[in-house]
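1. What shape does this take:
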Amino acid sequence: MRHPFRDPARPAGPSRRTVLAMACASLATVPLFTPSHAAAASARATGLDDPAKKEIAMQLVSSAENSSLDWKAQYRYIEDIGDGRGYTAGIIGFCSGTGDMLDLVELYGERSPGNVLAPYLPALRRVDGSDSHEGLDPGFPDDWRRAADQDPQFRRAQDDERDRVYFDPAVRRGKEDGLRTLGQFAYYDAMVMHGDGGGLGFGSIRERALGRARPPAQGGDEVAYLHAFLDERVWAMKQEQAHSDTSRVDTAQRVFLNEGNLDLEPPLDWHVYGDAYHIG
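-> Coordinates of the predicted model:
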């Protein structure tokens with residue numbers, strides 16, 4: 001079962017077209033690689049964006065969001081979990097009431113015009129910001145599953161929106177704060193649950209943590225800062241009844257931190273909602 005853990009505020013982020021333009025501009029100025037350039041690029045990629053560590057991140061989040069390590073089975077997931085955000089669906093819990101599902105289906109429509117979900121775009125625009133199913137029932141859940149099962153473009157769109165809205169911003173901010181893989185994951189999981197905004201969102205959690213401890217980029221101790229961040233994350237979770245079970249922090253991330261496993265090196269053992277998980 002997916003748990004209702006994300007702040008209803010619509011996640012902020014640059015548009016896809018802006019991201020593409022920035023990427024193209026960057027590529028135009030990239031010099032030819034030499035061995036030293038390759039080594040530097042590899043060093044910059046070390047962290048949660050390393051493919052093996054990213055796979056771990058997907059499994060950790062899925063253990064909390066879906067009670068399963070099989071995150072790839074969640075492309076077809078969709079249900080209304082009664083959290084006021086309408087339908088929750090896909091690998092990261094895109095919600096019809098928070099805008100990220102609309103962004104996803106719009107991207108899918110750009111890449112695959114006339115797809116099975118395209119007819120629902122007007123309804124998704126109308127229900128954005130509410131828990132309404134108006135215009136989505138009864139066919140939307142079955143068509144979502146059909147798209148996930150039959151069209152790799154839809155699965156790819158879910159991957160890309162996950163990265164654009166949640167994963168890439170979390171890793172970037174974690175690296176800017178001088179955090180290693182575990183800290184980058186703590187940022188990512190917070191963004192997945194709370195969104196990137198103010199209120200109880202990631203931005204406010206980070207600001208409160210910065211009021212208590214300095215991150216490594218500011219000369220602080222990484223372990224002390226991450227404990228402060230996780231403390232503030234737990235506080236934010238407890239402000240809403242739906243977030244009151246804090247085990248995804250207490251018996252998962254905090255376990256790795258107390259073990260000094262700042263690089264999320266397997267083997268990893270943790271519990272979420274009383275269930276035990278292991279990555280060897």
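2. Where does residue 277 fall, secondary structure wise?
-> Secondary-structure assignment from DSSP states H and E places residue 277 in strand 275-279.
3. Buried ones in that strand, by neighbour count?
-> For strand 275-279, the neighbour count (16 or more other CB atoms under 10 Å) marks residue 277 as buried. To be clear about C-beta, it is placed using only N, CA and C from the backbone, and glycine gets the same treatment.
4. Can you give the strand pairings for it, parallel or anti for each?
-> With DSSP bridges as the test, strand 275-279 is paired with strand 268-272 (antiparallel).
5. Would you mind listing the buried residues in the partner strand?
-> 268, 270, 272.
6. got the CA positions of that strand in PDB?
-> In PDB, the C-alpha atoms belonging to strand 268-272 read as follows (Å, rounded to 0.1, in the frame of the first residue of the first chain):
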ATOM      1  CA  LEU A 268      21.700  -2.500   4.100                       C
ATOM      2  CA  ASP A 269      19.100  -3.600   6.600                       C
ATOM      3  CA  TRP A 270      16.200  -1.500   7.700                       C
ATOM      4  CA  HIS A 271      12.500  -1.500   8.800                       C
ATOM      5  CA  VAL A 272       9.600   0.500   7.500                       C
END
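7. neighbouring contacts of that strand?
-> Here strand 268-272 makes contact (CB atoms under 8 Å, 6 or more residues apart in numbering) with 56, 60, 63-64, 67, 247-248, 251-252, 255-256, 261, 276-279.
8. Sort out for me which of those residues are in strands.
-> Counted as lying in strands by DSSP state E, out of the contacts of strand 268-272, are 276, 277, 278, 279.
9. which secondary structure elements does the strand or helix carrying residue 203 contact?
-> Element membership for residue 203, per DSSP H and E: helix 202-210. Packed against helix 202-210 by the contact rule (3 or more CB pairs under 8 Å, 6 or more residues apart in numbering; DSSP states H and E) you find helix 181-194, helix 222-237.
10. ok, of the ones in strands among the contacts of strand 268-272, which one's closest to residue 172?
-> Ranked by distance to residue 172 (CB to CB), those are led by residue 279 at 24.5 Å.
11. which one is that closest one nearest to, not counting chain neighbours?
-> Leaving aside its chain neighbours, residue 279 sits nearest to residue 268 (4.5 Å; criterion: CB to CB, 6 or more residues apart in numbering).
12. returning to that earlier point: make JSON lines from the helices and strands packed on helix 202-210 and add distance to residue 78, mean neighbour count and mean pLDDT to it.
-> Output for the helices and strands packed on helix 202-210, formatted as JSON lines (distance: least, CB to CB, whole Å; neighbours: other CB atoms under 10 Å; pLDDT from 0 to 100):
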{"stretch": "helix 181-194", "distance to residue 78": "17", "mean neighbour count": "26", "mean pLDDT": "96"}
{"stretch": "helix 222-237", "distance to residue 78": "24", "mean neighbour count": "20", "mean pLDDT": "97"}
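13. Residues touching the strand holding residue 277, excluding its own?
-> 56, 59, 63, 67, 69, 266, 267, 268, 269, 270, 271.
14. I figured the third one was touching residue 69, is that so?
-> Just to be clear, that refers to residue 63. Yes: if you go by CB atoms under 8 Å, residue 63 and residue 69 touch, sitting 5.9 Å apart.
15. higher neighbour count, the two?
-> Taking neighbours as other CB atoms under 10 Å, residue 63 and residue 69 compare with residue 63 leading, 23 against 16.
16. Would you list the phi and psi of residue 80?
-> Main-chain torsions, residue 80, degrees, to the nearest 10: phi -100, psi 110.
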